[in-house]
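A.B. asks: Curious how this folds, go ahead:
(chains A and B)
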Amino acid sequence: MNTGSARTPKLGVQAASKVYTTASGDLLALDRCSLDVHANEIVSIVGPSGCGKTTLLWSMSGLHRLTSGAILLDGKEVTGPRPEIGIVFQEANLLPWRNLDANINFPFEIKGEKPDRAWIAHLLHRVGLDGFGGKFPRELSGGMQQRAAIVRALALKPSVLLMDEPFGALDSFTREEMNRLVEEIWLDTKTTIVFITHSIEEAIFLSDRVVVLTARPGRVAKVYDVPFPRPRSLEIMATKEVFDLTNRIKMDIVGERRPKAQEQLEHKNAEIVRIRP
Amino acid sequence: MSGGDAIPEFSKAKSGDGQDVSLTNLSAFAGGPGIKSGAEVAAILVVAVVIIGGIELALRIFHVPQYIMPPPSAIVYALFDEFPLIAPHLGYTLVELFSGFAIGAVVGLVMAAVITQFPFAEKIVAPYILILVTTPMLALVPLLILRFGFGYTPRIIAVALAAGPMVMINAATGFRRVDSAKIALARSYGASTLQIFWKIRAPMALPMILVGLMIGAIFGLLTAVGAEMVGGGFGLGNRLTSYSSMIQMPQFFAVVLILSTLGILIYVLFFLIGKKWASWEA
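C.D. replies: Next up is the predicted model:
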């Protein structure tokens, strides 16, 4: 996907650190995270809960300011929200007082632009929501709401799409369906995607690379290449390679959080633990 | 939020007899089931006839004198017979209610919108608002009459003082409902503070604003009638004191009937507005 590493990355994260000031003192959420996302690439960020995944994504979007470090979009520093960056939030985040059409027109309203009707119609068709424009969010299922949110995010034709655990609240079947949809859309548009998830399966299915963050403070622990061809079929996802990769990532995340007692137990049962490649 | 692409239960509710589902919203009354059939309408009417007829019958059987409680028929007769004389007073009361409520509501809304933008200022102002909400503004009417005379002015001021804080405290609750994800959404498209206010905060606050307007209007009616009873020679409140002093009880209750109708109209008005504009908040 990415042609040559010498090129400027689409989205560069350089030694990003973020400190939150709370009542009980300062909290280091991100500690010198560095990461390059290349054009047309899908990169997933996984990690234990509270590891700063969402902080990292919100910083990439320009919604959060970093304490130190920089976010570069096409080599230029991101200091605030940018139209080239689209965001899909946790739990669709549709405006409940607007119907689907009005929700999708919302970005254009804010920008004072005319909505690109043909493009929106194409997107709605792509995600299977044609004819639902007059429906209100409460009339739609969780999956349909998140599809509408994806259309809204793509409506302004962003060159980077940031997705913040978009399918975390969906049941597993709907989730797999949504994953296939994201892959289809990517095959269609080749939009650069950064995808935050706590599901390793989801990360591997979607990504060219999976970035593992450590528990708080969030640091980049490891980056895995996911070389499987697309579209990724159920057969590919059932191969030993995928299984091994899943386990390696799982051990990266879980291993780090093992409580002391469990460590001692595992020390005794070292044989069993050595399954880890 | 949960669930796949199964048909949400919403559409099931719709399958009844094509009635609007959003009817079941916003308020306690509306929470009840919508009227479905002729049989239900008939039952409601029968119960009403039995209750009112029963009262009529009981009052006549026991020869209750009219100055204690006039029978419903006498009240209805008085309402029609006396209406040409009462009508101008209804007009005066409505003028007081509308002008006082308009002033109070506008000031209350603007203050709620401004105050909630500055949490620190809100803390300073909060106790005074609470005093304004909890003090019966009727208590100020004698003072207002002393200062402004027996015309419209003291009454309109009293209505505004009664309605304004009610609108404000409820609207402020609405404006305080910050949904950071929705604001982040707007900000991600580069929305200005003003755009965030009109496109996110205001619509989110709307259901609470409507509640505030309804309570404010009903408090306004109460205060208008009360102020009219305190002094001045016109208005429905004045009619109440006048009729009761002359022991014209059927006429007295006819005015009470008009006042309850006004209250119900206020309720229905805001219920319909809420159904149209705030039914998204189920």
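A.B. asks: Helices of chain B, start to end?
C.D. replies: Using DSSP state H, the helices found in chain B span residues B:9-14, B:28-31, B:38-61, B:72-115, B:119-134, B:141-148, B:152-176, B:180-188, B:193-196, B:202-230, B:236-245, B:249-277.
A.B. asks: pLDDT score assigned to residue 66?
C.D. replies: You didn't say which chain, so I picked chain A. Per-residue confidence (pLDDT) for A:Leu66: 85.
A.B. asks: I was after chain B.
C.D. replies: 86.
A.B. asks: next one: the one 3 residues further on
C.D. replies: In the prediction, the pLDDT value recorded for B:Met69 is 90.
A.B. asks: if I look at it, how far off is chain A?
C.D. replies: 49 Å (Cβ to the nearest Cβ, to the nearest Å). Backbone N, C-alpha and C define where each C-beta goes, glycine included.
A.B. asks: Quickly note the distance from the spatially closest residue to B:Leu59 that is not a sequence neighbour to B:Ile247.
C.D. replies: Spatial nearest neighbour of B:Leu59, excluding adjacent residues (Cβ to Cβ, 6 or more residues apart in numbering or on different chains): B:Pro71 at 4.5 Å. Using Cβ to Cβ, to the nearest Å, one gets 16 Å for the distance from B:Pro71 to B:Ile247.
A.B. asks: got it, and B:Leu59?
C.D. replies: B:Leu59 sits 16 Å away from B:Ile247, going by Cβ to Cβ.
A.B. asks: Give me the more crowded residue out of those two.
C.D. replies: B:Leu59 (19 against 11; other Cβ atoms under 10 Å in any protein chain shown).
A.B. asks: contacting residues for the more buried one?
C.D. replies: Residues in contact with B:Leu59 (Cβ atoms under 8 Å, 6 or more residues apart in numbering or on different chains) are B:69-71.
A.B. asks: try it again with 10 Å
C.D. replies: B:65-66, B:68-74 (Cβ atoms under 10 Å, 6 or more residues apart in numbering or on different chains).
A.B. asks: What is the nearest of those to chain A?
C.D. replies: B:Pro72 (44.3 Å; Cβ to the nearest Cβ).
A.B. asks: since we're on the closest one, how many residues are nearby?
C.D. replies: When neighbours are counted by other Cβ under 10 Å, B:Pro72 registers 18.
A.B. asks: re the thing from before, burial count for the residue nearest to B:Leu59?
C.D. replies: Other residues near B:Pro71 come to 19 when the count uses other Cβ under 10 Å.
A.B. asks: Now flag whichever of the contacts of B:Leu59 is closest to B:Phe252.
C.D. replies: B:Pro70 (8.3 Å; Cβ to Cβ).
A.B. asks: There's contact between the closest one and B:Val64 in this structure, I believe.
C.D. replies: Yes. Contact criterion Cβ atoms under 10 Å: B:Pro70 and B:Val64 qualify, at 8.6 Å.
A.B. asks: quick one: stretch A:112-128 to chain centroid distance?
C.D. replies: From the chain centre to the centre of stretch A:112-128 is a distance of 23 Å (Cα atoms, centre = their mean, to the nearest Å).
A.B. asks: List the buried residues in it.
C.D. replies: The neighbour-count check on stretch A:112-128 (16 or more other Cβ atoms under 10 Å in any protein chain shown) flags A:115, A:120, A:123-124, A:126-127 as buried.
A.B. asks: close to chain B, is that stretch?
C.D. replies: Yes. Contact between stretch A:112-128 and chain B, assessed by Cβ under 10 Å from any Cβ of the partner chain, occurs at A:112, A:128.
A.B. asks: again with stretch A:43-56
C.D. replies: No. Judged by Cβ under 10 Å from any Cβ, stretch A:43-56 stays clear of chain B, getting no closer than 10.9 Å.
A.B. asks: And stretch A:132-147, by the same measure?
C.D. replies: Yes. Shown here: stretch A:132-147 in contact with chain B (Cβ under 10 Å from any Cβ) through A:135-147.
A.B. asks: so can I have CSV of the residues you listed showing neighbour count, distance to A:Ser59 and pLDDT?
C.D. replies: CSV is the format used below for the residues of stretch A:132-147 next to chain B (neighbours: other Cβ atoms under 10 Å in any protein chain shown; distance: Cβ to Cβ, whole Å; pLDDT from 0 to 100):
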residue, neighbour count, distance to A:Ser59, pLDDT
A:Lys135, 17, 34, 90
A:Phe136, 20, 33, 91
A:Pro137, 21, 28, 91
A:Arg138, 15, 32, 90
A:Glu139, 19, 35, 90
A:Leu140, 21, 31, 90
A:Ser141, 20, 32, 89
A:Gly142, 22, 27, 87
A:Gly143, 25, 28, 87
A:Met144, 22, 30, 90
A:Gln145, 22, 26, 92
A:Gln146, 30, 23, 90
A:Arg147, 25, 26, 90
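A.B. asks: export those to a markdown table and tack on secondary structure?
C.D. replies: Below are the residues of stretch A:132-147 next to chain B laid out as a markdown table (DSSP: H, G, I helix; E, B strand; the rest coil):
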| residue | secondary structure |
| --- | --- |
| A:Lys135 | coil |
| A:Phe136 | coil |
| A:Pro137 | helix |
| A:Arg138 | helix |
| A:Glu139 | helix |
| A:Leu140 | coil |
| A:Ser141 | coil |
| A:Gly142 | helix |
| A:Gly143 | helix |
| A:Met144 | helix |
| A:Gln145 | helix |
| A:Gln146 | helix |
| A:Arg147 | helix |
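A.B. asks: what's the angle from the helix or strand containing A:Met60 to helix B:180-188?
C.D. replies: Under the criterion of DSSP states H and E, A:Met60 resides in helix A:53-61. Calculated by axes from the mean of the first three to the mean of the last three Cα atoms, to 10 degrees, helix A:53-61 forms an angle of 20 degrees with helix B:180-188.
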